[in-house]
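Student: requesting a structural model of the entry that follows:
(one chain, ligands or ions: 2)
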Amino acid sequence: MSRTVSGATRRTVLSTTVAAGAVATLGPLAAPATARVVAPGGPILKPLPPEQFVDFGTNAEMRWDAVDPRRRLTEQSRLFVRNHTRTPVIDRDDYVLRLFGDGLARPRSEGAAVELGWRDLRRLPVTHLTSVHECTGNGRSFFARQQGTPAAGTAWSLGAVGAVTWTGVRLSDVLRRVGLGHRAVSVQATGLDDPYVSGGVDYGRVRRPFPIAKALDDAILAWGANGEDLLPDHGYPLRLVLPGWVGIASIKWLGSLEVSRSELTSPWNTKWYRMTGGDYPTDAPPLTVNPVRSAWELPWGAELEAGRRVVLTGRSWSGAGPVTRVEVSTDGGVTWHPAARSGHGYGHGHGHGHGHDRTQGRDGAWAQWSYVWDRPRAGSHDLLARATDAHGRRQPLVTPYNDGGYFFDAVVRHPVTVA
Ligand SMILES: Nc1nc2c(c(=O)[nH]1)N[C@H]1C(S)=C(S)[C@@H](COP(=O)(O)O)O[C@H]1N2
Ligand SMILES: [Mo]
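Tutor: Ligands and ions are numbered 1, 2, ... in the order given. As a prediction, the model looks like this:
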């Protein structure tokens with residue numbers, strides 16, 4: 001059954017004849033347009049085979065032991081899902097993105113929003129961008145498992161992350177074509193999924209503001225992932241992607257963008273997705289850039305053969321830039337050894353060749369690495385991997401506690417048994 005999720009008074013489209021660099025002529029159309037959710041979705045629509053996912057109901061994480069070391073990117077069918085409610089199914093032909101606010105060159109109220117449909121967006125230059133896409137709470141379960149201080153929220157292991165090449169248009173191009181005012185400071189993205197209700201409180205639609213600087217830097221509006229259309233679970237027909245930033249910043253099923261001359265707020269940057277509790281001040285800022293993390297492509301408690309040469313693989317990533325160094329410890333952190341960069345020549349090629357060493361991660365994907373563990377002794381061991389990024393941020397051994405269980409970036413002690 002159809003359901004109207006956004007009623008619009010006017011439809012305006014991008015001019016097809018606009019010269020490059022010029023501001024588009026926006027003409028109202030007679031017919032009102034709506035974006036309709038054509039079918040109520042499940043919490044998650046794509047299959048979640050248990051050998052590939054841990055299913056939390058509205059959320060599901062990728063299993064690191066199911067990751068193919070030869071694939072650089074994460075296929076959508078394997079990518080984690082984080083839904084506040086459930087995946088809506090939206091018809092691309094009905095879809096419109098609404099832009100409004102006093103930060104536009106010609107300020108518009110929400111009711112008089114500029115509306116861009118799928119074909120309008122397709123007239124803008126297409127761009128491709130690879131980023132590591134990750135939930136703020138990735139690794140949350142290790143606050144309990146490793147530090148004895150459980151934090152509320154989905155008990156992710158390390159699988160709420162993936163590397164994706166997005167296809168879409170630059171948000172800066174969209175804003176310039178629509179007409180961006182000189183005094184714009186903040187953009188708020190709002191999803192078309194159901195309003196989020198928790199503890200009897202209706203917080204409204206999932207939405208989060210971000211600075212105009214990020215909008216004009218590398219933000220994109222994506223309709224594709226790794227060369228395919230977005231799956232419904234990942235935001236079809238259009239999602240925002242703020243590369244390197246906390247997952248919540250990349251609003252799925254993007255319904256509107258408010259461009260404002262004043263700082264916008266929402267519960268997703270004041271109540272959630274900023275540090276609270278622990279030793280944090282009460283006025284800690286909203287979280288933005290993701291930290292540095294690492295994972296082994298191994299089952300939890302993997303069984304390895306004693307007395308052999310064991311080749312272990314994993315990946316490291318950072319929201320701030322490339323990973324420059326990965327060290328491994330097999331003795332609980334007493335000694336550290338460099339991991340070797342690997343994964344070159346595999347996965348989806350994308351323009352530049354994928355040589356080893358520094359190339360991994362330079363394009364926004366993660367660093368793949370391997371470590372040869374020569375003739376491990378029988379018994380129980382913890383494998384530790386510690387990465388450093390181009391900004392000199394290195395994974396700590398302990399992450400200070402916060403109530404939301406965000407940014408667990410400490411080195412994870414991955415247990416294995418050698419027999
Ligand atoms: N509209 C909308 N956008 C959203 C969310 C949501 O529930 N609704 N979840 C956010 C969170 S917390 C994360 S981590 C990412 C997850 O994206 P994915 O499900 O495509 O992996 O989407 C973000 N964007
Ligand atoms: Mo998230």
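Student: near ligand 2, which residues of the stretch 151-300 of the chain? Just list them.
Tutor: Proximity of the stretch 151-300 of the chain to ligand 2 (CB under 5 Å from the ion) is limited to residues 247-248. No exception for glycine: its C-beta is placed from N, CA and C like everyone else's.
Student: right, and ligand 2 sits closest to which residue of the stretch 151-300 of the chain?
Tutor: Nearest residue of the stretch 151-300 of the chain to ligand 2, counting by CB to the ion: Gly247, 3.8 Å away.
Student: contact partners for that residue?
Tutor: 82, 133-136, 160 (CB atoms under 8 Å, 6 or more residues apart in numbering).
Student: tell me the phi and psi of it?
Tutor: When read as degrees, to the nearest 10, the backbone of Gly247 gives phi -50, psi -40.
Student: Thr270 too?
Tutor: The phi/psi pair for Thr270 (degrees, to the nearest 10) is phi -110, psi -50.
Student: what about it, neighbour count?
Tutor: By other CB atoms under 10 Å, 12 other residues sit near Thr270.
Student: now the one 3 residues further on
Tutor: When neighbours are defined as other CB under 10 Å, Tyr273 has 21 of them.
Student: can you give me the helices for the stretch 101-250 of the chain?
Tutor: Assigned by DSSP state H, counting those that start in this stretch, the stretch 101-250 of the chain shows helices spanning 118-122, 141-145, 171-178, 212-217.
Student: can I get those in CSV including mean pLDDT?
Tutor: Output for those, formatted as CSV (pLDDT from 0 to 100):
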stretch, mean pLDDT
helix 118-122, 97
helix 141-145, 98
helix 171-178, 98
helix 212-217, 98
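Student: reformat the ones you listed as JSON lines; add mean neighbour count.
Tutor: Below are the helices of the stretch 101-250 of the chain laid out as JSON lines (neighbours: other CB atoms under 10 Å):
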{"stretch": "helix 118-122", "mean neighbour count": "17"}
{"stretch": "helix 141-145", "mean neighbour count": "20"}
{"stretch": "helix 171-178", "mean neighbour count": "21"}
{"stretch": "helix 212-217", "mean neighbour count": "17"}
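Student: any figure for the gap between the spatially most central residue of the chain and ligand 2?
Tutor: Residue closest to the average C-alpha location in the chain (CA atoms, centre = their mean): His133, at 3.1 Å. Using CB to the ion, to the nearest Å, His133 is found at 10 Å from ligand 2.
Student: residue contacts, that residue?
Tutor: 79, 161-164, 241, 247, 250.
Student: separate out the buried members of the residues you listed.
Tutor: Among these, those classed as buried by 16 or more other CB atoms under 10 Å are 79, 161-164, 241, 247, 250.
Student: in strands, which of those fall?
Tutor: 161-164, 241 (DSSP state E).
Student: closest to ligand 1 among those residues?
Tutor: Gly162 (7.0 Å; CB to the nearest ligand atom).
Student: which of the ones in strands among the buried ones among the contacts of His133 are close to ligand 1?
Tutor: Filtering those for proximity to ligand 1 by CB under 6 Å from any ligand atom leaves nothing.
Student: got a markdown table for the helices of the stretch 101-250 of the chain, with distance to Trp336 too?
Tutor: A markdown table is the format used below for those (distance: least, CB to CB, whole Å):
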| stretch | distance to Trp336 |
| --- | --- |
| helix 118-122 | 48 |
| helix 141-145 | 20 |
| helix 171-178 | 41 |
| helix 212-217 | 35 |
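Student: quick one: contacts for whichever residue of the stretch 51-200 of the chain sits closest to ligand 1?
Tutor: The nearest approach of the stretch 51-200 of the chain to ligand 1 comes at Gly191, 2.2 Å away (CB to the nearest ligand atom). Going by CB under 8 Å, 6+ apart, Gly191 touches 205-207, 251-255.
Student: let's see 6 Å
Tutor: Residues in contact with Gly191 (CB atoms under 6 Å, 6 or more residues apart in numbering) are 205-206, 251-253.
Student: can you tell me the closest non-neighbouring residue to Met275?
Tutor: Ala284 (4.2 Å; CB to CB, 6 or more residues apart in numbering).
Student: can you pull out the strands in the stretch 301-419 of the chain?
Tutor: Assigned by DSSP state E, counting those that start in this stretch, the strands in the stretch 301-419 of the chain fall at 302-304, 309-318, 323-329, 337-338, 340-341, 367-374, 379-389, 414-418.
Student: my guess is Ala410 meets Val398, correct?
Tutor: Yes. Under the criterion of CB atoms under 6 Å, Ala410 makes contact with Val398 at 5.3 Å.
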